[in-house]
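Chemist: The sequence isn't on hand, but the structure is:
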């Protein structure tokens, strides 16, 4: 999953931009079914055509949009849906914290759109690019390319679901949303290289199972924080172990 | 679009955008300690796993471990191919293929 060396050797804003788009293509493949199913289900859950398009344009957060549909169909009050959206999207606070070191010196006219377009997928590929050791000055263009590719795709898929999706019987029951799960597994794999990372993943997964019935999908954040804590704990333990073993 | 829908979308937009922008808006004045930066390294895998594991193993609020669960088969296939070939697109395709195939076989029986 290496990023093309062309960008690192001859840096230019557009080369970075297109590298960001290209690096995001596999993630788009995984997001397409998810977006189409969202568009397909929206109207039967009680959203209007315009409302569905507006939600994808303005909120642009797949999993919370899905959960909102479910709550709408169940007749939940609007305040409850907004609260749940907040909890489900709290993970973006962790993402933005991790991006602070790379974006802090940019102007607000960069930070604002990059924040608006923050998604799981774009965060994962952007952080990978930022952490590469080359000193290319245009890495935020890579980030922008990934963000715009995801955004464009999400709008197109919403429209496809709203129109074509209606003509396919039971399109939503085929389980095509599994594509998102497969994508997220693929994004996790590059991290599974050290013992602390494995500890983080095992703890996060286990906690997510135990905490799944907490209200408003709070289990997700609880599990994420538990996983992070486990990773740090194991890393610190390994470090102090190394110190103890040093010859005196 | 009716007024309720407008309020819903405006509210969801506001909470989502403020979460995404809050720290970045003031990031010019933030300096993160090395300890916090070390902690943030674990954010991506921890969040992704916290989403994936229940999505694979929970069906109708019940734990579903076993070969009858097509999501579990798809996830194992994705994990295996991903670890072996380290290719994201291939991981997604094989995971999805295994899931669909298993589901089809299951429906046929």
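Modeler: That came in fine, so what should we check first? The structure presented is a predicted model; accordingly, all values stated were derived computationally and were not measured. Numbers count the residues shown, from 1 in each chain, chains lettered A, B, ... in the order given.
Chemist: Tell me where chain B has strands.
Modeler: B:58-59, B:62-63 (DSSP state E).
Chemist: Is any residue of the first one near chain A?
Modeler: Yes: counting by Cβ under 8 Å from any Cβ of the partner chain, chain A has neighbours in strand B:58-59: residue B:58. All C-beta atoms are positioned from the backbone trio N, CA, C, and that covers glycine.
Chemist: And for the last one?
Modeler: Yes: among the residues of strand B:62-63, residue B:63 lie within reach of chain A under Cβ under 8 Å from any Cβ.
Chemist: strand partners of that strand, parallel vs antiparallel please.
Modeler: strand B:58-59 (antiparallel) (DSSP bridges).
Chemist: Give me the contacts around the partner strand.
Modeler: For strand B:58-59, the surrounding residues in contact (Cβ atoms under 8 Å, 6 or more residues apart in numbering or on different chains) are A:209, A:212, B:64, B:69, B:71.
Chemist: Which among these count as buried?
Modeler: Taking 16 or more other Cβ atoms under 10 Å in any protein chain shown as the criterion, what is buried in these is A:212, B:69, B:71.
Chemist: Residue A:148 is nearest to which of the strands of chain B?
Modeler: Nearest to residue A:148 among the strands of chain B is strand B:58-59 (33.9 Å), distances taken as Cβ to Cβ.
Chemist: any idea of the mean pLDDT for the closest one?
Modeler: The average of the pLDDT scores along strand B:58-59 is 90.
Chemist: Return the set of buried residues in the longest helix that chain B contains.
Modeler: Looking across chain B with DSSP state H, the single longest helix is helix B:3-25. The neighbour-count check on helix B:3-25 (16+ other Cβ under 10 Å) flags B:5, B:8-9, B:11-13, B:15-17, B:19-21, B:23-24 as buried.
Chemist: Max pairwise distance over these: which two?
Modeler: Top of the distance list for the buried residues of helix B:3-25 (Cβ to Cβ): B:5 and B:23, 30.0 Å.
Chemist: Check which residues of whatever helix or strand residue A:65 lives in are buried.
Modeler: Assessed by DSSP states H and E, residue A:65 sits inside helix A:62-73. For helix A:62-73, burial by neighbour count (16+ other Cβ under 10 Å) applies to A:62-69, A:71-72.
Chemist: Residue 50 - how many residues pack around it?
Modeler: With no chain named, the answer covers chain A. Other residues near residue A:50 come to 11 when the count uses other Cβ atoms under 10 Å in any protein chain shown.
Chemist: Chain B was what I was after
Modeler: Look at residue B:50: counted by other Cβ under 10 Å, it has 32 neighbours.
Chemist: any idea how far it lies from residue A:224?
Modeler: 5 Å (Cβ to Cβ, to the nearest Å).
Chemist: Any idea which residue is closest to the centre of chain A?
Modeler: The geometric centre of chain A, computed from its C-alpha atoms, lies nearest to residue A:120 (Cα atoms, centre = their mean), at 0.9 Å.
Chemist: my read: that residue touches residue B:47, true?
Modeler: Yes: counting by Cβ atoms under 8 Å, residue B:47 is a contact partner of residue A:120 at 7.4 Å.
Chemist: what touches both of these two?
Modeler: Counting by Cβ under 8 Å, 6+ apart, the residues touching both residue A:120 and residue B:47 are A:91, A:95.
Chemist: Quick check: residue A:161 touching residue A:35?
Modeler: Yes: between residue A:161 and residue A:35 there is a contact under Cβ under 8 Å: 6.6 Å.
Chemist: Alright, calling it a day.
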